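J.: Using only what follows, build the 3D model:
(one chain, ligands or ions: 1)
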Amino acid sequence: MADLVLRDVVVDGLPVDVRASGGVVAAIGAGLAARAGDEEAGGRGGALIPGLHDHHIHLLALAAAARSPFVGPPAVGDAAGLAAALGRAAAAGGPGEWVRATGYHESVAGPLDRWQLDAIVADRPVRVQHRSGAAWVLNSLGLDRVGADGTVQGVELAGDGSPTGRLVGLDGWLRDRLPAPPPPDLAAVGRRLARYGVTGVTDATPVGAVDELAPIAAAAAAGGLPQRVTATGGPRLAGAEMPSPLGRGPVKLMVADYALPALDHLAGWMRRAHDAGRAVAVHCVTRAGLALALAAWDDAGAWAGDRIEHGSVVPPDLRAVVAERGLVVVTQPNFVRERGDRYLVEVEADDLPYLYPCRTLLDAGIPVGGGTDAPFGHPDPWRAIAAAIDRRTAGGDTLGREEAVPPERALALFLTPPGGPGGAPRRVEVGAPADLCLLDGPLDEILANPSADRVAATVIGGTVVSAR
Ligand SMILES: [Zn+2]
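T.: Numbers count the residues shown, from 1 in each chain. Down below sits the predicted model:
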C-alpha cells in the first residue's frame with residue numbers, strides 16, 4: 001500500500017505535513033520529503049483531527065432504516081404526514097410485501113393502533129416501530145400474517161379481547177415470523193458515516209447470537225464498511241468471540257423502562273460478563289432504571305470500563321453513586337436537539353433538570369463519551385457536538401443550559417478511544433492509527449458552528465475513504 005502524505009494541514013495548532021504508512025501515522029513535520037510512490041493530498045491549511053468514533057450506534061438498524069420511512073418528529077408531525085409517508089412506502093413495494101416504518105411517537109397521531117393503520121393501508125401488511133424501539137404497531141393484515149393473538153404475551157388486547165395492534169417487547173418473536181428482509185446495505189452506511197468523518201463505531205445492539213453480527217463482519221472484512229467496528233452483543237454472547245474483524249466491546253444489558261429486569265438477573269448478567277473478562281454497557285433511560293442498575297452494580301461489583309448507556313436521567317444523588325463506582329456514561333447530546341421540544345412538554349418536572357446531563361457528570365469526575373444511537377438518533381455526530389455546546393432544541397428552546405460543555409470538550413466526546421469512552425481523547429501523533437478527519441478550516445472556526453459539511457476528507461488506516 002502506498003504511503004499517504006497529507007500536505008499543509010494543521011495538527012494541534014501547528015502547520016505540518018503528515019505521512020501515513022502501514023496504516024499508522026509515520027511522520028509529522030513541516031515540509032516532509034516526498035518519496036517515490038507516495039499518494040499526496042492537499043489540506044489547504046485545514047485542521048487534521050483523529051477520526052470520530054461513535055460510541056453507540058446500531059449498524060443493521062441504520063441500514064434497514066434507509067429502506068423504511070421514519071414517521072416521527074421532526075420528519076413527520078401529524079396524522080396526515082403519517083398517512084402520506086406510509087402511502088409512499090406502500091406504493092414503492094410490491095403486492096403482499098410488508099410496509100415498514102420506524103420512529104413513531106404519540107405526538108404524531110396518538111397511541112397508534114391497528115384500526116388507524118388499516119385506514120391508511122389495509123391491503124398490505126404494515127408494521128410501525130415506536131421511537132423507543134420497544135414496541136411495534138401492526139395493521140390487521142400484519143397481525144394475521146405473524147399470528148399475533150391473545151395467546152402471545154406482549155400482544156396488547158383491547159377491552160373486548162381483540163388485539164390493538166401494539167406488540168411490546170416482541171422484537172425477537174416478530175423477527176422469527178417475518179420474511180427475511182433484503183440484505184442490509186452496510187456499504188451505504190459506511191459511505192454515509194465516512195462523509196461525517198467517522199472512522200470507528202461501537203455497535204450497541206444486544207444481539208443474542210453471533211450469527212446476527214455476520215453481515216457486519218462480512219461488510220467490514222470486505223471493506224464495504226470501512227469503519228473499525230467494536231461490537232457488544234447481549235448477555236448470551238458474554239463468553240463468545242466476535243467474528244473477525246469486529247472488536248469485542250462491553251456486554252450490552254437492557255434495563256428497559258417497559259420491563260425492568262429483576263435485580264438478581266441484572267447482577268447475574270454483570271457477573272457473567274466480568275467473569276468472561278468483559279465490561280458491561282447498561283441501557284439506562286429512566287431514574288428507576290438507573291437506580292436498579294446501580295443496585296445491581298452494588299451486588300456484582302463495578303469493573304473498569306463499565307458503562308451507562310444514555311444516562312437519560314441522572315439526578316444528583318445517583319450522579320454521586322455513578323462517580324463513586326467509577327462508571328462511564330455514554331450520552332447522546334443529539335437527543336437534546338432532536339427530542340428536546342417533546343421532552344420539555346412530556347417529561348416530569350422532577351426529571352427535567354437532569355435530562356441528558358453532560359457538564360455536571362464531567363464536573364463530578366465521571367468519564368463521558370458520545371454516541372448518536374442512530375437510527376434512533378441522527379447518525380451525524382457533528383449535530384450531537386453542536387447540541388452538546390448550545391443545548392438547544394430543534395424548536396429553539398434550551399434544555400439544561402448548565403449542562404453545556406465547551407466546544408473542544410464536545411468534540412472530545414467522539415475522540416475518545418473505542419475501548420475507553422470518556423478517556424483521554426485520541427491525538428494525531430506518530431504511531432497512532434492513521435484514522436483521520438481532515439476539516440476544511442481552522443478547528444476553532446469549525447467548532448463555532450459544527451457541521452459535517454466541514455469534513456473535507458476521511459482517512460481510515462491510511463486510506464482515503466471519503467473526499468469532497
Ligand atoms: Zn441504542
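J.: Burial check on residue 217, number of neighbours?
T.: Neighbours of residue 217 under the rule other CB atoms under 10 Å: 18. In short, each C-beta sits where N, CA and C put it, glycine included.
J.: excluding its backbone neighbours, what's nearest it?
T.: Nearest residue to residue 217, sequence neighbours excluded (CB to CB, 6 or more residues apart in numbering): residue 243, at 3.8 Å.
J.: From residue 231, how far out is that neighbour?
T.: Distance, residue 243 to residue 231, by CB to CB, to the nearest Å: 8 Å.
J.: Neighbour count for those two, which is higher?
T.: Set side by side, residue 243 and residue 231 show more neighbours around residue 231, with 25 against 17, by other CB under 10 Å.
J.: mind listing what that one touches?
T.: 202-203, 205, 213, 216, 242, 246-249 (CB atoms under 8 Å, 6 or more residues apart in numbering).
J.: what sits opposite it in the beta ladder?
T.: Taking DSSP bridges as the rule, residue 231 bridges to residue 203, residue 248.
J.: and the gap between it and residue 75?
T.: In terms of CB to CB, residue 231 sits 29 Å off from residue 75.
J.: Close to the ion: what parts of this structure are there?
T.: 204, 373 (CB under 5 Å from the ion).
J.: Residue of the chain closest to the ion, please.
T.: In the chain, the residue that lies nearest the ion is residue 373 (4.4 Å; CB to the ion).
J.: Without its sequence neighbours, what residue ends up closest to that residue?
T.: Using CB to CB, 6+ apart, the nearest residue to residue 373 is residue 332, at 4.8 Å.
J.: same question, residue 114
T.: residue 165 (2.8 Å).
J.: quick one, strands of the stretch 51-200 of the chain?
T.: Here the stretch 51-200 of the chain has its strands, by DSSP state E, counting those that start in this stretch, at 52-57, 99-104, 126-130, 135-138, 155-157, 163-168, 198-203.
J.: deepest of the ones you listed, which one?
T.: Compared across those, strand 52-57 shows the largest average neighbour count, a mean of 30 (mean count of other CB atoms under 10 Å).
J.: ok, residue 26 - contacts?
T.: Residues in contact with residue 26 (CB under 8 Å, 6+ apart) are 3, 19-20, 430.
J.: who's in contact with the residue lying closest to residue 299 once chain neighbours are set aside?
T.: Residue nearest to residue 299 in three dimensions, not counting chain neighbours: residue 267, with 4.0 Å by CB to CB, 6+ apart. Contacts for residue 267 (CB under 8 Å, 6+ apart) come out as 296-297, 299-300.
J.: Please repeat the previous calculation with a cut-off of 6 Å.
T.: 296, 299-300 (CB atoms under 6 Å, 6 or more residues apart in numbering).
J.: Let's see the pLDDT reported for the residue nearest to residue 373.
T.: pLDDT for residue 332: 98.
J.: Settle this for me: it is touching residue 377, isn't it.
T.: Yes: using CB atoms under 6 Å, residue 332 is in contact with residue 377, at 5.4 Å.
J.: quick one, which of the two is more surrounded?
T.: For residue 332 versus residue 377, neighbours defined as other CB under 10 Å are more numerous around residue 332 (29 against 22).
J.: ok, now how distant is the nearest residue in space to residue 273 that is not next to it in sequence from residue 232?
T.: Counting by CB to CB, 6+ apart, residue 273 lies nearest to residue 251, which is 3.9 Å off, once chain neighbours are set aside. Here the distance between residue 251 and residue 232 works out to 6 Å (CB to CB).
J.: picking up where we left off before, got the phi and psi for the residue nearest to residue 217?
T.: phi -60, psi 140 (degrees, to the nearest 10).
J.: cool, residue 336 as well?
T.: Dihedral angles phi and psi of residue 336 (degrees, to the nearest 10) take the values phi -60, psi -50.
J.: who touches the longest strand belonging to the chain?
T.: Ranked by residue count and defined by DSSP state E, the top strand of the chain is strand 39-50. Strand 39-50 is contacted from outside by 2, 4-11, 415, 426, 428, 436-443, 456, using CB under 6 Å, 6+ apart.
J.: on that earlier part again, now the buried members of the contacts of residue 267.
T.: Buried members of these, scored by 16 or more other CB atoms under 10 Å, are 296, 300.
J.: now the contacts of residue 267 as a markdown table including pLDDT?
T.: A markdown table is the format used below for the contacts of residue 267 (pLDDT from 0 to 100):
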| residue | pLDDT |
| --- | --- |
| 296 | 97 |
| 299 | 97 |
| 300 | 97 |
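J.: Filter the contacts of residue 267 down to the ones in helices?
T.: 296, 299-300 (DSSP state H).
J.: would you list those residues in a markdown table and tack on distance to residue 360?
T.: Shown next, in a markdown table, are the ones in helices among the contacts of residue 267 (distance: CB to CB, whole Å):
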| residue | distance to residue 360 |
| --- | --- |
| 296 | 23 |
| 299 | 26 |
| 300 | 26 |
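J.: show me where the stretch 201-350 of the chain has helices.
T.: Remark: helices assigned in the stretch 201-350 of the chain by DSSP state H, counting those that start in this stretch are 214-222, 263-275, 287-300, 316-325, 334-346.
J.: I meant the stretch 51-200 of the chain, not that one.
T.: Going by DSSP H, counting those that start in this stretch, the stretch 51-200 of the chain shows helices at 59-65, 79-92, 106-109, 114-120, 140-146, 171-177, 186-195.
J.: So which of those is the most surrounded?
T.: Of all the helices of the stretch 51-200 of the chain, helix 59-65 has the most neighbours on average by mean count of other CB under 10 Å, namely a mean of 23.
J.: for that helix, what is the average pLDDT?
T.: Computed over helix 59-65, the average pLDDT equals 90.
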